[in-house]
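Q: Sharing a sequence plus its predicted fold:
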Amino acid sequence: MVRLFDIQQFKLINKYALRDFSRSYKKLWVITSTLFVSLLLLSLTFSVKEALNTEIASNAKELLGGDIQIDSDIEPLPPKVIDQFNALGKVSAAIEFATMLSKEGESPVFTELRAVDNNYPLYGEIETIPEEAANIIFSSSLKPHVLINESIQNLLNVGPGDDVTIMGQKFEVAGLVSSVPDLAESAVFGEFAIISMDSYEQFGLSSGGSFLDHKYRIKFNNSSQTQEPETIVNSIIAYDDTIKTRLPGQSGRRLSSVIDNFSNFLNLVSVSAMVIAGIGISNTLLSFVNQNNTSIAVKKSIGFPSSFIQTMYFYEIILILLSTSIVAYLLGVFSPLLANELLPKSLGIDLQPTFSLVGYLNILFIGLLVVLIFSIPSLYSISEIKAASLFRNSFNPVSLNFSVKNILLLGVLVIILTTYFVNQTDQKLYTVFYFVAFFTTMLIFYGVSKLLIIFIKRFHKFSNNSYRIAYRNIVAKKSLAPIMTISLGIGLTLLLTLSFVANNLKKEISDSIPSMAPDLFFVSIDKDIQGDLQSFIEGVDPNAELEFSPMASASFISLNDIPIEEIVSRSNRSAWVVRGDRRISWSEKPKPDNPIVEGEWWEPGNESEMFISMDSRAAYDLGMNINDKIVLNILGRDVTGTIKNFREVDYRDISINFAIIINKAFANKLPHEFVGTLKTELPSGDVLAMVVEKFPNVSAIKIDRILSQVSDVLNKIFIAVTAISLIVIIIGLIVIVSAVLVQTTFRRYNNLIYKILGVDFPTILKAMTMEFAVIYGTLIFFATSVAVISSYLVVENALQLTWQFDFGLTLWILLSTALTSFILILLANRSIFNPKVYPLIRNE
């Protein structure tokens, strides 16, 4: 009977592997360093994601603010419904709406205001500065109080005790809100304030209809048993389909989704870094085998088979993998503490290090797959070393072994790695595309290096000595061209692509959009004051560009009698059009900047039928066609409409645009409000201050403020992605340096010959410079080409922005990368520039 595991053989392998490893571990530094960096990056992203999911799961009720949340949007729930909720537990009511918060002498600030009752919050607490400020807003006082966040404090230059104005009413600032339990789905990065429900009702504060949001949270009498009360709540609100509920497990989804997407990106970059590290592993291991060919031949001469030696060396690589993965994971485990410094304090999220055996095994398995893929061709080359070489006293260097068996095995391992990684991400299709694009790019760069060698061989042979030496180095069997082209090419392509995308996005935000965008965006304007507001603004600035559009709230019910939830998945890029409430508008004719691309505009005057015009891109994504039937719930009534045309809608200028427009004749009978835009030559802050003073209930967003916030976020993202791309380049440089060190003996011998023949140091230096210039010049041409094409597709198609090539940015990246790479190569070669002749003469 065949024994599946021979303990004696394992002990023998362990003995020889440890002995060999203790003698030659310095030769394997490239494997250690590249594996460690890539595994650390992977560990960082996995640890932060796991810590966030743990935090959200353990504090789900605090993040939601109750055991269940009921949203009734514009209309409050009837008192009898509230009474039924009170029978189930403690109820807290809140009203959220957008309004202007102002201080005399300062430009008003668009703020998300929350009016809360005395029961708020049901879980957790309001953290304020000073500590007791939260109690002040609920105390009886002739002057009401408000809690503001730090952003409002900085914009209006106010603090505790100062007065601010909300919708014409003076409020005293009680303190600063540092954190509230249920802010994860709210204005985390914007302006946020809290007042009491009593103040809201006492002073008659109100907001334009469709931006008012009533929310009710319940803390059940028996919080440990929520399934039955949840069923009761759903039965109580079953009379109205527009009323929605949210459970604790659904809180923080927006934040979690953002971090998940970013971590998925980091994971892909980490795997890319590991694959580049794998090239270094393969090259270093092959060099290691060639350096130990005498030892391998001796082992074979005393009866050790190739399989034993292969297993012994692989055992050494596994030891390195285990040690580096453990250290990388332990360091990565503490990355949530760093993430806490980057997350807004107002979220109330405190990520903690989480040790998980499954998490470590996950990282170890990915590392093992990469090690297997890149070590197999090197280890199988051991079979080419024969014991008979000892008698000839000569050894020919072995090459990577790509037999049919090995190619099939590598293909299976690559598929396993891709499948395993894809199953861990939500964006599976994009992840597959990334892997396909990545490995295709690797093949392209490998092909580029081979084409360069073929081209150099057929090129005219110059008589210049430096060129001849450079030519010989490039076309040599151990040329740097393939390794340098692949390792540095992929990292440079990634850096250029991300830089091009980020740079175009920043230019669009800072240059293009501000030139097209309005200065102010008015929201939720009551139709009774729209005419007066327009007249007032025209009186202040007769040259102002002012536009108003009617607006009503609607929600998608079905498409061609099929519920919309069954048709549109959450991953659909236009799912936002049909999810939740959507603002719709109407007009007599299409806007000039919304041209019809399919179908025809409707004839005016039909009041009995609803006709629909859709955003063409959204219609395509959602699978809509001309004459399809759509059911919209408008103000609680289901209305069936017919799609008549598709429009090309450009949202980039932040003007008034709607994905859905209906015919004006049908819509005139609907209750509605207005939104508007203003572009003026006067200071927008001054105009806004005058408008708010005259019309306290009018709210407006300063576009330059929004663009400034977006620009700040983009700058941070740009810094982050640049740093991540640099990690990939650093690993590539380590691989290149290792390749240079592998060739040290070969190049030292050549330089000795050159020195005997009278070739001086400047000539050799010129040759190295020429060799690097030729390889890098070819590399940057293809890297820039791939980066230009990739970034163009992302910017023009995915982001729908205008792509522009930035020559200055490209030149800076290419030159800085070239200079760094060349200096490292020179440093790695410093020991062979002036070799001694006598050892060669003595055949040492």
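A: Sure, I can see it.
Q: Residues in contact with the helix or strand harbouring Asn86: which ones?
A: If you go by DSSP states H and E, Asn86 is part of helix 79-88. Applying Cβ atoms under 8 Å, 6 or more residues apart in numbering, the contact partners of helix 79-88 are Ile70, Val91, Ala93, Tyr216, Ile218, Phe220, Asn221, Pro229, Ile232, Val233, Ile236, Ile237. Placement of C-beta: from N, CA and C, glycine included.
Q: ok, 6 Å please
A: Contacts to helix 79-88, defined as Cβ atoms under 6 Å, 6 or more residues apart in numbering, come from residues Val91, Ile218, Phe220, Pro229, Ile236.
Q: and what of stretch 705-715?
A: Leu505, Lys506, Ile509, Ser510.
Q: out of those, who's nearest Trp812?
A: Lys506 (15.1 Å; Cβ to Cβ).
Q: returning to that earlier point: and the contacts of stretch 705-715, which of them are buried?
A: Buried subset of the contacts of stretch 705-715 (neighbour count, 16 or more other Cβ atoms under 10 Å): Leu505, Lys506, Ile509.
Q: Identify the residues contacting the second one.
A: Residues near Lys506 by Cβ under 6 Å, 6+ apart: Leu714.
Q: Over to the last one?
A: Taking Cβ under 6 Å, 6+ apart as the criterion, Ile509 is in contact with Leu707, Val710, Ser711.
Q: how about 7 Å then?
A: Residues near Ile509 by Cβ atoms under 7 Å, 6 or more residues apart in numbering: Leu707, Val710, Ser711, Leu714.
Q: Name the SS class of it, please.
A: The three-state label given to Ile509 by DSSP: H, G, I helix; E, B strand; the rest coil is helix.
Q: What does the pLDDT read for it?
A: What the model reports as pLDDT for Ile509 is 71.
Q: got it, and the one 10 residues further on?
A: Per-residue pLDDT puts Asp519 at 83.
Q: Not counting its neighbours along the chain, what's nearest it?
A: Nearest residue to Asp519, sequence neighbours excluded (Cβ to Cβ, 6 or more residues apart in numbering): Ser684, at 3.9 Å.
Q: re the thing from before, dump the contacts of Ile509 into JSON lines; add distance to Glu796, neighbour count and pLDDT as well.
A: Shown next, in JSON lines, are the contacts of Ile509 (distance: Cβ to Cβ, whole Å; neighbours: other Cβ atoms under 10 Å; pLDDT from 0 to 100):
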{"residue": "Leu707", "distance to Glu796": "21", "neighbour count": "16", "pLDDT": "73"}
{"residue": "Val710", "distance to Glu796": "20", "neighbour count": "16", "pLDDT": "71"}
{"residue": "Ser711", "distance to Glu796": "21", "neighbour count": "15", "pLDDT": "72"}
{"residue": "Leu714", "distance to Glu796": "18", "neighbour count": "17", "pLDDT": "70"}
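Q: Please flag which of those sit within helices.
A: Among the contacts of Ile509, the members found in helices (DSSP state H) are Leu707, Val710, Ser711, Leu714.
Q: Kindly provide the distance from the closest residue in space to Thr165 that isn't next to it in sequence to Leu682.
A: With Cβ to Cβ, 6+ apart as the criterion, Thr165 has its nearest non-adjacent residue at 4.8 Å, and that residue is Ser102. Here Ser102 is placed at a distance of 18 Å from Leu682 (Cβ to Cβ, to the nearest Å).
Q: Neighbour count for the two, which is higher?
A: Ser102 (22 against 14; other Cβ atoms under 10 Å).
Q: pretty sure the more buried one is in contact with Met690, am I right?
A: No - using Cβ atoms under 7 Å, Ser102 is not in contact with Met690, being 11.1 Å away.
Q: Tell me the first helix or strand C-terminal of the host helix or strand of Phe548.
A: With elements taken from DSSP H and E, the one containing Phe548 is strand 545-559. As assigned by DSSP H and E, the chain's next helix or strand after strand 545-559 is strand 562-563.
Q: average pLDDT across that following strand?
A: For strand 562-563, the mean per-residue pLDDT is 88.
Q: ok, then the element right after it?
A: Counting by DSSP H and E, the next helix or strand C-terminal to strand 562-563 is helix 564-567.
Q: before we move on, the earlier item: highest neighbour count among the contacts of helix 79-88?
A: Counting neighbours by other Cβ under 10 Å, Ile218 leads the contacts of helix 79-88 with 25 neighbours.
Q: quick one, phi psi at that residue?
A: Backbone torsions of Ile218, given as degrees, to the nearest 10, read phi -120, psi 130.
Q: now do the one 3 residues further on
A: Per-residue torsions, Asn221: phi -60, psi -40 (degrees, to the nearest 10).
Q: which residue packs closest to it, ignoring adjacent ones?
A: With Cβ to Cβ, 6+ apart as the criterion, Asn221 has its nearest non-adjacent residue at 4.7 Å, and that residue is Gly89.
Q: Give me the below-cutoff pLDDT ranges for the stretch 651-800 of the chain.
A: Residue ranges of the stretch 651-800 of the chain with pLDDT under 70: 653, 713, 717, 721, 725, 737-759, 761, 798-800.
Q: Go again with 80.
A: 651-655, 697, 703-765, 767, 796-800 (pLDDT under 80).
Q: got the CA positions of whichever strand or helix holds Gly367 in PDB?
A: Assigned by DSSP H and E, Gly367 falls within helix 357-379. Below are the C-alpha coordinates for helix 357-379, written out as PDB (Å, rounded to 0.1, in the frame of the first residue of the first chain):
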ATOM      1  CA  LEU A 357      -7.700  33.100  11.700                       C
ATOM      2  CA  VAL A 358      -9.900  33.000   8.600                       C
ATOM      3  CA  GLY A 359      -8.700  36.400   7.700                       C
ATOM      4  CA  TYR A 360      -5.100  35.300   8.000                       C
ATOM      5  CA  LEU A 361      -5.700  32.100   6.000                       C
ATOM      6  CA  ASN A 362      -7.400  34.100   3.300                       C
ATOM      7  CA  ILE A 363      -4.200  36.200   2.800                       C
ATOM      8  CA  LEU A 364      -2.000  33.200   3.100                       C
ATOM      9  CA  PHE A 365      -3.900  31.300   0.500                       C
ATOM     10  CA  ILE A 366      -3.700  34.200  -2.000                       C
ATOM     11  CA  GLY A 367       0.000  34.400  -1.400                       C
ATOM     12  CA  LEU A 368       0.400  30.600  -1.800                       C
ATOM     13  CA  LEU A 369      -1.300  30.700  -5.200                       C
ATOM     14  CA  VAL A 370       1.000  33.500  -6.400                       C
ATOM     15  CA  VAL A 371       4.100  31.700  -5.100                       C
ATOM     16  CA  LEU A 372       3.000  28.400  -6.800                       C
ATOM     17  CA  ILE A 373       2.300  30.100 -10.100                       C
ATOM     18  CA  PHE A 374       5.700  31.800 -10.300                       C
ATOM     19  CA  SER A 375       7.900  29.200  -8.600                       C
ATOM     20  CA  ILE A 376       6.900  26.100 -10.600                       C
ATOM     21  CA  PRO A 377       8.800  27.100 -13.800                       C
ATOM     22  CA  SER A 378      11.900  27.800 -11.800                       C
ATOM     23  CA  LEU A 379      11.700  24.700  -9.600                       C
END
